[in-house]
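Asker: Need a 3D model of the sequence below.
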Amino acid sequence: MATLRFSFGTMGSGKSTVALQIHHNLANRQLFGLLLTTLDREGKQVTSRLGVAAPAIEVAPDLDVYSLAVANWPIHYMVCDEAQFYTEAQCDQLARVVDDLEVDVYAFGLLTDFRGKLFAGSQRMLELADEHSPLQVEARCWCGARATHNARVVNGVVVYVGDTVVVGDTRHNDAQPLFGDAVRYELLCRSHFRDGELGD
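Answerer: Prediction:
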């Protein structure tokens with residue numbers, strides 16, 4: 001029986017690495033599947049900060065992932081990275097892939113955004129998934145405590161308002177950009193997220 005699995009964690013918890021490993025392991029067993037992502041920092045591929053990557057199908061907001069699965073039939077699995085950015089309809093379509101086509105779906109994503117609120121895609125995955133579990137790699141705050149929040153840092157200050165999706169990275173870069181704001185993300189524990197302390 002096919003299963004919809006949703007694994008979640010903060011940045012740096014190994015989501016993309018595990019997604020790539022599952023795709024690699026299943027493909028090496030002569031199983032055919034699809035690797036999907038959206039808004040990956042490197043474009044149409046799933047990338048890990050460990051340096052591994054694989055080409056992937058970009059999930060645009062208007063992509064019907066059920067129709068994609070049917071168009072590529074027969075498939076054995078789908079690995080979906082950055083599922084927090086999928087629309088609620090796309091999450092429903094993934095559930096239909098599992099139920100109607102009996103294809104295993106492995107979805108990975110962040111649970112909450114920079115405000116500490118559930119992403120719409122993650123909320124829907126929690127509602128639909130047969131299995132949901134946190135990744136076992138615990139990222140750490142600068143103080144050493146378990147990181148629970150993905151803080152957005154704009155020009156060196158933690159912010160709590162703004163667009164839900166703003167591309168940035170986790171690398172600290174002291175150089176100011178030529179145009180616009182310097183945006184990055186910092187892993188923080190709940191206490192330091194609340195207080196906006198970066199420990200620089």
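Asker: switch to C-alpha atoms for all contacts and neighbour counts from now on
Answerer: OK.
Asker: quick one: average pLDDT of stretch 138-157?
Answerer: In this model, stretch 138-157 has an average pLDDT of 93.
Asker: In that stretch, which residues are buried?
Answerer: By 16 or more other CA atoms under 10 Å, the buried positions in stretch 138-157 come out as 138-142, 147-153, 156.
Asker: Could you point out which of those residues is nearest to G199?
Answerer: W142 (6.4 Å; CA to CA).
Asker: The closest one and R190 touch, don't they?
Answerer: No. Counting by CA atoms under 8 Å, W142 does not reach R190; the two are 11.9 Å apart.
Asker: Toward the C-terminus from the worst-scoring helix or strand of the chain on mean pLDDT, list the very next helix or strand.
Answerer: Ranking every helix and strand in the chain by mean pLDDT, DSSP states H and E puts strand 45-47 at the bottom, with a mean of 85. Sequence-wise, the next helix or strand downstream of strand 45-47 (DSSP states H and E) is strand 53-55.
Asker: for that next one, packing partners?
Answerer: strand 45-47 (3 or more CA pairs under 8 Å, 6 or more residues apart in numbering; DSSP states H and E).
Asker: repeat that for 10 Å
Answerer: helix 15-27, strand 33-37, strand 45-47 (3 or more CA pairs under 10 Å, 6 or more residues apart in numbering; DSSP states H and E).
Asker: Minimum distance to V65: which of the ones you listed has it?
Answerer: So among the helices and strands packed on strand 53-55, strand 33-37 is nearest, using CA to CA, at 9.4 Å.
Asker: Now do that closest one against helix 15-27, angle only.
Answerer: Following axes from the mean of the first three to the mean of the last three CA atoms, to 10 degrees, one obtains 170 degrees for the angle between strand 33-37 and helix 15-27.
Asker: Run the chain-centre distance for strand 33-37.
Answerer: When distances are taken as CA atoms, centre = their mean, to the nearest Å, strand 33-37 is centred 13 Å away from the chain's centroid.
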